[in-house]
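**Student:** my questions are about this predicted structure, shown below with the sequence.
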Amino acid sequence: MAADKYTPTQQESCTAPGSNRSWLSRSHKNQPQWNALGSVSFILISGGMSLAWGAGFAVHSAHLMTFHMEVSWYAGATIGAIVGTLCTYRLPQQPVYIIGSCLVLISGILFLACHEHHEAIITARYLDGLANGLVFVPAMSTVGEISVCDMRGLLAATVEQLSCNTGILMQLLYTAVWQVDWNVTIAADQVHGVLSIVYGLVALALASTLCVESPVSLLLRANEQQAVAALRHLQRPYMVTSETLLQLDEHKHYVATNRGMSLWESIRMGLPPLLKVLAYRSLNALCLTLVVWSALYETAVQVATHYHAWPYVIFGVMRWSGCFCVLLLMDTTGRKKPTLFGCFSCGSFALAFATLFGRTPHMKAALGLLFSLQFFAGLGQTASAVYLTEAFPLAIKPHYVAIVYVMELLLRLIFCSSAPSPAGIVAYFYVLGGLSMAFFFLGIFCLPETRLTTLTEAQQKFSKWFNKDF
């Protein structure tokens, strides 16, 4: 298991096998890798709906958004992340994902059957948050280990960012329907329940039938034969090939390299990526809070005589579209260029919106700027999911992923605790714009480009404070 046995072929795993195949051919071959994390995707879609709910897109609900209801999802997700950290690399992933799926299912049942009871809705939000935190840490720790390196960016971004933005879009779509005075007999909270039940059932089916354990996790438990079997089931056709053995060598090298580091070396090596990813994900949190919803509401009501559904719809579609448009670039153009472009554009639109907000003759332009900001927020934050799975040394990866996730939750909660004044909205967007610009300039020198690299190489790049590569 020595690292020097692997060095000559380390780059070949990213360039030789399958490099001449078309994207569709590679996608078909690597489809089992998405299947293995499909349950996580549906759980995170449910989480995206709850995030949007906490950010203010729940005015359709029959329940007053009390502080307890507000904090419930974030508290549940924090507890789930802590438990998920303890499970990662210690327990098989399948039972964890099955439990998360069941929690989403139970949450949906409570929303559907007990939509008139305030306590039941709070309990449902606790359970949904617990499910999301429980699966987030193991999924984001191992998604890069399940995927081949030339599809790692697409898989990680799809599982986390696209799923979360899909949930946000679904929440905004049905919120928009109940903003209009339609004669519907089903309550909006029941729709939330129906959707959560669907997500929970699909996630449970995928977790029970198609979940595959991370080969790295199996190697850490000295189960090499099971690691080979896992690799065999992660690509079509389901047989051991030279490519399978090459990936096994790559994972062995990754494990051996990280085992050669002491805990203190892992903590020290993980500090630069922790600060980079934490700053990056904090911007993601700031782009969807109660302040942003308040800005949308205050701007839209002055544009339309009656506050119709279309601002919600466009807002959600723009954010989802920004993420979707850049997904396929993660493993071709790379992670760094879209990130920097998205952050610069997001900062520019935030500053422009802060300048125009409250000026009645310019409110249409301000609304357009807010929509554009969400598009570039979705675009610029897509790579954050990939960086989460690549950045940290193996010994402390789950812990650092959990730290980033919990800090992101706390930041969202801080800004969701009270409705801001117009002056507060202006100040918020000036700060958001300034932070986005600062991250853009620092990212030029500090963010690494990790496309078509092995996890070992990506980890080494992240451990440096400065990376000028593009």
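**Tutor:** Nice, I can see it.
**Student:** show me this protein divided up by domain.
**Tutor:** Following automatic domain parsing, the chain resolves into domains at 33-212+261-462, 223-260.
**Student:** residues of the last one that come out buried?
**Tutor:** Applying a neighbour-count criterion of 16 or more other Cβ atoms under 10 Å, the buried positions in domain 223-260 are 227-235, 243-244, 246-258. From N, CA and C alone the C-beta is placed, and that goes for glycine too.
**Student:** so the nearest residue in space to Phe136 that is not next to it in sequence is in which element?
**Tutor:** For Phe136, ignoring the flanking residues on the chain, the nearest one in space by Cβ to Cβ, 6 or more residues apart in numbering is Tyr405 at 5.8 Å. Using DSSP states H and E, the element containing Tyr405 is helix 397-415.
**Student:** just the CA trace of that helix, in PDB.
**Tutor:** The C-alpha trace of helix 397-415 is given here as PDB (Å, rounded to 0.1, in the frame of the first residue of the first chain):
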ATOM      1  CA  LYS A 397     -12.900  15.500   6.500                       C
ATOM      2  CA  PRO A 398     -16.300  14.800   8.100                       C
ATOM      3  CA  HIS A 399     -15.500  17.100  11.000                       C
ATOM      4  CA  TYR A 400     -14.600  20.000   8.800                       C
ATOM      5  CA  VAL A 401     -17.500  19.400   6.500                       C
ATOM      6  CA  ALA A 402     -19.800  19.500   9.500                       C
ATOM      7  CA  ILE A 403     -18.200  22.700  10.800                       C
ATOM      8  CA  VAL A 404     -18.800  24.400   7.400                       C
ATOM      9  CA  TYR A 405     -22.400  23.200   7.300                       C
ATOM     10  CA  VAL A 406     -23.200  24.200  10.900                       C
ATOM     11  CA  MET A 407     -21.600  27.700  10.400                       C
ATOM     12  CA  GLU A 408     -23.700  28.100   7.300                       C
ATOM     13  CA  LEU A 409     -26.800  27.200   9.200                       C
ATOM     14  CA  LEU A 410     -26.000  29.600  12.000                       C
ATOM     15  CA  LEU A 411     -25.400  32.400   9.500                       C
ATOM     16  CA  ARG A 412     -28.800  31.800   7.900                       C
ATOM     17  CA  LEU A 413     -30.500  31.700  11.300                       C
ATOM     18  CA  ILE A 414     -29.000  35.000  12.400                       C
ATOM     19  CA  PHE A 415     -30.400  36.800   9.500                       C
END
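**Student:** now it: mean pLDDT?
**Tutor:** Helix 397-415 carries an average pLDDT of 93.
**Student:** what residues sit buried inside the helix or strand following it?
**Tutor:** As assigned by DSSP H and E, the chain's next helix or strand after helix 397-415 is helix 422-446. Of the residues in helix 422-446, 425-426, 428-429, 432-433, 435-437, 439-440, 443, 446 count as buried by neighbour count, 16+ other Cβ under 10 Å.
**Student:** what distance do you get for Tyr387 to Asn467?
**Tutor:** According to Cβ to Cβ, to the nearest Å, Tyr387 and Asn467 sit 12 Å apart.
**Student:** about what we covered before: ok, so of the buried residues of helix 422-446, who is nearest Ala391?
**Tutor:** When the buried residues of helix 422-446 are compared for distance to Ala391 (Cβ to Cβ), Cys446 wins out at 12.0 Å.
**Student:** can you pull the contacts of that closest one?
**Tutor:** Lys276, Trp465, Phe466, Asn467 (Cβ atoms under 8 Å, 6 or more residues apart in numbering).
**Student:** going through those, which ones are buried?
**Tutor:** Buried by 16+ other Cβ under 10 Å: Lys276, Asn467, out of the contacts of Cys446.
**Student:** among the contacts of Cys446, name the ones in helices.
**Tutor:** With helices defined by DSSP state H, the entries of the contacts of Cys446 inside them are Lys276.
**Student:** which of the contacts of Cys446 sit farthest apart?
**Tutor:** Largest separation among these by Cβ to Cβ: Lys276 and Phe466, giving 10.8 Å.
**Student:** Asp150 against Asp331, yeah?
**Tutor:** Yes - the pair formed by Asp150 and Asp331 meets the contact definition of Cβ atoms under 8 Å, at 5.5 Å.
**Student:** shared neighbours, these two?
**Tutor:** Contacts common to Asp150 and Asp331, judged by Cβ under 8 Å, 6+ apart, are Leu452.
**Student:** need the contact list for the residue nearest to Leu169 when sequence neighbours are not counted.
**Tutor:** Residue nearest to Leu169 in three dimensions, not counting chain neighbours: Gly316, with 4.1 Å by Cβ to Cβ, 6+ apart. Going by Cβ under 8 Å, 6+ apart, Gly316 touches Ala52, Ile168, Leu169, Gln171, Leu172, Leu173.
**Student:** looking at those, which is nearest Gly342?
**Tutor:** Among the contacts of Gly316, and counting by Cβ to Cβ, the member closest to Gly342 is Ile168, at 16.5 Å.
**Student:** the closest one and Cys323: what is the separation?
**Tutor:** Separation of Ile168 from Cys323 (Cβ to Cβ) stands at 10 Å.
**Student:** got it, and Phe111?
**Tutor:** Counting by Cβ to Cβ, the gap from Phe111 to Cys323 is 26 Å.
**Student:** gap between stretch 369-379 and the chain center?
**Tutor:** Here the centre of stretch 369-379 is set off from its chain's centre by 17 Å, with Cα atoms, centre = their mean, to the nearest Å.
**Student:** what comes up buried for it?
**Tutor:** Across stretch 369-379, burial judged by 16+ other Cβ under 10 Å covers Leu369, Leu370, Phe371, Ser372, Leu373, Gln374, Phe375, Phe376, Ala377, Gly378, Leu379.
**Student:** what does stretch 263-277 give?
**Tutor:** Applying a neighbour-count criterion of 16+ other Cβ under 10 Å, the buried positions in stretch 263-277 are Ser266, Ile267, Met269, Gly270, Pro272, Pro273, Leu274, Lys276, Val277.
**Student:** show me the contact partners of that stretch.
**Tutor:** By Cβ under 8 Å, 6+ apart, the list of residues contacting stretch 263-277 from outside reads 258, 261, 384, 387-388, 391-397, 400, 403-404, 446-447, 459, 462-465.
**Student:** just stretch 460-470 next, same as before
**Tutor:** With Cβ under 8 Å, 6+ apart as the test, stretch 460-470 has contacts from 269-270, 272-273, 276, 334, 336-337, 387, 390-392, 444-450, 453.
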